[in-house]
Structure formats: C-alpha cells, structure tokens
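[1] Following is a predicted model, sequence given first.
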2 protein chains.
Amino acid sequence: MPDSIRPSAPAAAAAPAAAAVPVLAVGSVAFDSIATPRGRAERVLGGAATYFSLAARLFAPVRIVAVVGEDFLPQHAALLASRGICLRGLERRPGKCFFWAGEYDANPNLRRTLATELNVFADFQPQVPEEYRSSEILFLGNIAPKLQTAVCRALPHARLVGGDTMNYWIQSQPEAVREFLSHLDLLIINDSEAVELSGEWNLAAAARRIRALGPQRIIIKRGEHGASLYGPEGCCSVPGYPLEDVWDPTGAGDSFAGGAIGYLASRPPGDAQDLRRALVYGSVLGSFACERFGVERLLELTREEVDARYAEFLELSRIPAAG
Amino acid sequence: MPDSIRPSAPAAAAAPAAAAVPVLAVGSVAFDSIATPRGRAERVLGGAATYFSLAARLFAPVRIVAVVGEDFLPQHAALLASRGICLRGLERRPGKCFFWAGEYDANPNLRRTLATELNVFADFQPQVPEEYRSSEILFLGNIAPKLQTAVCRALPHARLVGGDTMNYWIQSQPEAVREFLSHLDLLIINDSEAVELSGEWNLAAAARRIRALGPQRIIIKRGEHGASLYGPEGCCSVPGYPLEDVWDPTGAGDSFAGGAIGYLASRPPGDAQDLRRALVYGSVLGSFACERFGVERLLELTREEVDARYAEFLELSRIPAAG
C-alpha cells in the first residue's frame, strides 16, 4: 500500500540548471486507483500534468494549467509546490477531480480501465494566466485537441511546443487532432497512437507521415522496448531500460515527456545533440516512474539519480566500433 | 515476383576474415510460399539453416547439416555452394523438402500459416559427417530439441554452441527443451518465445530465468524494436533498424542468428566487446533479410554493405555524454 501523499521530502529539492527557462504544462491533475500484480493504490494523486511536472521539475521550473475539484486538498498543493511546481494556473472548481481506475495484467501492456469519471475535467477550458503567456516552452498533455490548439494560439511565441494525444481523440476528432499537430514542434506519442494517427504499421513510415502534418520532430515511445526520435537529422533510438521490478506503469509516458521537455528547457537552444539527450532523459524518467506506485518514485527522485541512470543508458546502448 | 534462384552472382563472393573458423549449422532447408502486402513468392528456397548460412557466410565458412528431398535440385545446391556453403552434410532423401506457406498482415507481426508439410523433415536424424566433428562453432536451428541435444553430444568440444527453439517445442516437449538448454552457450530466441519459456512477461526477468537453465548468454530478438543481449556482463541492447520498406520478414530471425554467430566465428575468442558487435551484426543481417522476398537480398549481400549498415547502427544508437 503506497503512501505517496507526503507534504514534503527533503531529498527531492530540485536544482534546475542556470540556463533553464520555465515549462508550461497543460493537462490533467487527477486521482487514480491502480491495481497491478505488485499491489494496489487507492485514489492516489495522478494525471498527465502531474507526472509530467514531477519529471520536468528535475530540470526546469514548471507551471501547471489544469483544473481540480474539492478533493484536491491543500496537502496535495503543498506536495507539488514543494517540488518547485507553480500552481497559479490551477483552477479550482466545485466537484471532484478527474478519476481513473484501472488494473494491469502480468503483461504490463495489457491494462483494463475499470472507471473513468471526468468530473470537473468535463468542462475544462484551460486559462493561461497573464504571467505565463511569455513561457518559451510549452507542453500540451492529452486533452481535447481543440483545447490544445487554443492554448497554442494563446502562446504564439513559444520557442518549443510539445504535445501528446491519444487514440480516443484520433478516432473521434481526427480533424481537430490535425489542426493541433500543425502547431507542434515535437509530438511525443506511443507506438499504437502513431500507427492509428498515420494508418501505417511501420513506425518509420508512420513518423514520416505524421511529420508531414506539422511537427518537425516526433518521439515514438515503444513501451518496454525503448523510444525513437525522428526528425530532419534522421532517426535515433534508445532501448528500454531493463527494469525487472515494474510496480506500476501508470504515468510512465507522461514522465517520459516531462523528462524530455524539461531537459530541453534547461538548455540554450541550438545544440542538436540535446534532442538525443532529451530522448535519453525521457527514457530515464519513464523508467523511474515504474519503480513505485503512482508518483511515489518521482517525488523522491534526485538529479543525481537521474544522471546515474543516464550513464547506465550510455552503457546499455554502447556499440563498439566494427572490428 | 522474385527471381531468387540464380546459380551465381558475382557480387556475392564471401571473403571471411583470416581468423574465421567454420560454423556448423543444423536446421531446415525448405521451400516457402510467402504472401506479404508487397507481393508473393511461390516455393522459393528457405528454411532456417538456409537463412542462417547465407548470413553467416559473410563472416566465416559454413557447413550445413540438413535433409532435403528430390525437389532440391542441382541448381539449389550450386546456389549455396557458390556462397561458400559446404553441403557435405546435406542428406538427400526420396520425397519432398519441408514446405511452409504463409501470409503476412500489414502488421508484419501478424502472420498466418497456410500450410506446413514436413515431408522428408519428418524423419530427420541429423548425421554429422566425421570431417565436421571438430567444428568449434555450432548452431542448432529450430528442430526437435532431442535432435538438437544429440548433435551437441556429438560435438562435445565445440567452443561456442548457439541455438534456437520455438513455442511449439516449448509447449509440447518442455523437458527436452530444458535438456537442450543445458548444452548451450548462447540462446537466440524472440521475445514471445522468451516469455513462454520462462513464464515471465518481463524480458529482463525472463532472461535471468532462462540463463539459470544453462545458457550463459541469451539474445532476445524484439522484432522491429531491436534485440538485447543478457549475460554475466549485464545487458546491452540494439534498436531496430528503421526500415520503411519491409518486403518479407520471413527468415529475419534466422538471418540475425547467422550474422551474430558467423561474426563470432570470425573472431579469436576472448574479446567481450565482440558479443556486443555480434548483437549488431545480427541486427544488420536481420534487417537486410527483410528487404526482398525469401533469401534474395542475402544472396547478393556483400560485406561492404554489411559494414556500412553497422556504421548506421552506430549512429542510430549514439547517445551523447550527459550535458
């Protein structure tokens, strides 16, 4: 039984790099009930924007635009604020937070949704506070594509716009998803979403088709098998981290995005190698997210642990020169 | 319509390295009828030992122990012999060669078997010619595990014994598969086989369990997502090659094994880096095998093309130092 809601944890103080600029994250803040072969967690803090922010805060200051209900208590706010996450864009509404319940099979790729309650999220209209409008780095988590597009339009001068979507929107609002894609610099989605969005089973072909719709670059997450970045420089791939003890895969993809975008926000623009590094930092954060239930591992995570795992990825991927 | 049966091709002359020792390959030589979204090929030369040998011959001399029927014509023998493959261990029997027919979905991971005719393969009892008994490098393709074990016992002094198996044997003859595993140095199987063999969905855990059954090292092939090597040195992974134009995935796994084992046969023993290189050369050969129907691409393949693709894998996998 995880005990993930702790108001503070001394080890978790973030120390963003000197060059870091704030990341604005838009998405869901939610409660999740999760069952996996390792146990269960009831109504723990979750949601795409929460995972994203707790990963990105290791690299840069983070600002959240989201909506929460009355069950989002001061202790939850304190928990996020203590990790350097600015909550001035968090709208409070009567009702309850978005709630998701699901259970994972022994095969972690198979998960069953037991409940989805939109609650206050049903009428979410992201409001970007005036002081956030100069944010240079923007990430649109998985919400209705029309809302994603509206936020992109509200921040026309962002130097990096990243985003996510999901099969539900691809199927039900394909035109709105296309419009959203036209605003993106970097799309970060998983393999099944890339297949659905492009109509191509082959991921390299899928990436080419999706890039033609707008985003200059796309990262396709392959779950346990790693992730690939496709862009004008070609393709590069990072293998999956060989984590034997997967407690809970929930939020791994959002943590990946937080690691990748957060890292880019910590760097001055212009170094193409940083995109490869972002792919690795994303993989690092995604792997840590699976090590405990919910956001528990991310709350405690330090930049030193992140960099140690980066070094493990270097060794995991190392190919000697031909001989 | 492929035209893969050509008696000779000047570009395909093999030039094994000076240190190369012969590889003895045991497995099937067959004819396949294949349909993919790119077209179809009728009764073309195939079989695990054929793909393996045509890949391995780029690195080392290859000897085949297999059984063929009367439909294996002198031109087929000439084709393999012209690629430096020794056929003295090829037993000829009345009847027909093993025959497989199948079709692939647009999702190349979904294939449907339309026909399997064992023919002369039904009574295959591998006979290792006396002159082959000193072979230092041995690969047991996917045949009945009792036969695999018998060949291992006939070559007790081999310095590297590699092998493959499949779900059919894992399900129907689990004890015989375990006995076979105890003779292996390097098992090369795909992810679904690793899951079935170990009862573990997690591939790192699966690898640990399988290694406890005998093989010091295991390579798990992940299809389009790459491959991982697990051994006493830890884990290393190579991503999948971003091949957009997959003509025919048949034999990619056997070609992978041929590339990996053939490369190791070309190297003096003792350099642990060679295992990582073998993982890459396996990936290289597996990727080439998919570029045409059947063995067509392997027949024409040169060592120069192989090394150029190795360099592409280096770039694909390159992770910059953390920054």
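    Noted; the coordinates are in hand. Numbering: from 1, shown residues only, chains lettered A, B, ... in the order given.
[2] For A:Ile64, see how far away A:Cys86 is.
    For A:Cys86, the distance to A:Ile64 equals 7 Å [CB to CB, to the nearest Å]. Heads up, the C-betas are built off the backbone N, CA and C, glycines and all.
[3] ok, these two, which is more surrounded?
    Between A:Cys86 and A:Ile64, counted using other CB atoms under 10 Å in any protein chain shown, A:Ile64 has the larger neighbour count: 25 against 19.
[4] Break down the stretch 1-150 of chain A into its helices, ranges please.
    Assigned by DSSP state H, counting those that start in this stretch, the helices in the stretch 1-150 of chain A fall at A:48-56, A:74-81, A:145-154.
[5] so which of the ones you listed comes closest to B:Gly47?
    The closest of the helices of the stretch 1-150 of chain A to B:Gly47 is helix A:48-56. By CB to CB, the value is 48.3 Å.
[6] Would you mind writing the CA trace of the closest one as PDB?
    Only the C-alpha atoms of helix A:48-56 are listed here, as PDB (Å, rounded to 0.1, in the frame of the first residue of the first chain):
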ATOM      1  CA  ALA A  48      -0.800  13.500 -17.100                       C
ATOM      2  CA  ALA A  49       0.200  17.000 -16.000                       C
ATOM      3  CA  THR A  50       1.200  15.800 -12.500                       C
ATOM      4  CA  TYR A  51       3.500  13.100 -13.800                       C
ATOM      5  CA  PHE A  52       4.900  15.400 -16.500                       C
ATOM      6  CA  SER A  53       5.600  18.200 -14.000                       C
ATOM      7  CA  LEU A  54       7.200  15.900 -11.400                       C
ATOM      8  CA  ALA A  55       9.600  14.700 -14.100                       C
ATOM      9  CA  ALA A  56      10.200  18.100 -15.700                       C
END
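[7] Buried residues of that helix, list them for me.
    A:Ala48, A:Ala49, A:Thr50, A:Tyr51, A:Phe52, A:Ser53, A:Leu54, A:Ala55, A:Ala56 (16 or more other CB atoms under 10 Å in any protein chain shown).
[8] Who are the packing partners of it?
    With contacts defined as 3 or more CB pairs under 8 Å, 6 or more residues apart in numbering or on different chains; DSSP states H and E, helix A:48-56 has these neighbours: strand A:23-26, strand A:62-68, helix A:74-81, helix A:252-265, helix A:273-289, helix A:296-300.
[9] Would you tell me which of those gets closest to chain B?
    Of all the helices and strands packed on helix A:48-56, helix A:273-289 sits nearest to chain B, with 4.4 Å by CB to the nearest CB.
[10] Can I get that closest one in CSV, CA atoms only?
    Extracted in CSV, the C-alpha atoms of helix A:273-289 (Å, rounded to 0.1, in the frame of the first residue of the first chain):
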residue,chain,number,x,y,z
GLN,A,273,22.8,16.7,-29.6
ASP,A,274,20.4,17.9,-27.0
LEU,A,275,17.5,16.2,-28.8
ARG,A,276,19.2,12.9,-28.4
ARG,A,277,19.9,13.7,-24.8
ALA,A,278,16.3,14.6,-24.3
LEU,A,279,15.3,11.1,-25.7
VAL,A,280,17.5,9.5,-23.1
TYR,A,281,16.3,11.8,-20.2
GLY,A,282,12.8,10.9,-21.2
SER,A,283,13.6,7.2,-21.1
VAL,A,284,15.3,7.7,-17.7
LEU,A,285,12.2,9.4,-16.2
GLY,A,286,9.8,6.9,-17.7
SER,A,287,11.8,4.0,-16.2
PHE,A,288,11.9,5.6,-12.7
ALA,A,289,8.1,6.3,-12.8
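[11] and the angle from that helix to helix A:252-265?
    140 degrees (axes from the mean of the first three to the mean of the last three CA atoms, to 10 degrees).
[12] how much space between A:Asp123 and chain B?
    38 Å (CB to the nearest CB, to the nearest Å).
[13] again with A:Asp271
    Separation of A:Asp271 from chain B (CB to the nearest CB) stands at 8 Å.
[14] wait, what's in contact with that residue?
    By CB atoms under 8 Å, 6 or more residues apart in numbering or on different chains, the residues touching A:Asp271 are B:Gly323.
[15] just the buried residues of helix A:48-56 now: which is nearest A:Tyr310?
    Distances from A:Tyr310 to these, taken by CB to CB, are shortest for A:Ala55, at 13.6 Å.
[16] Right, I'll leave it there.
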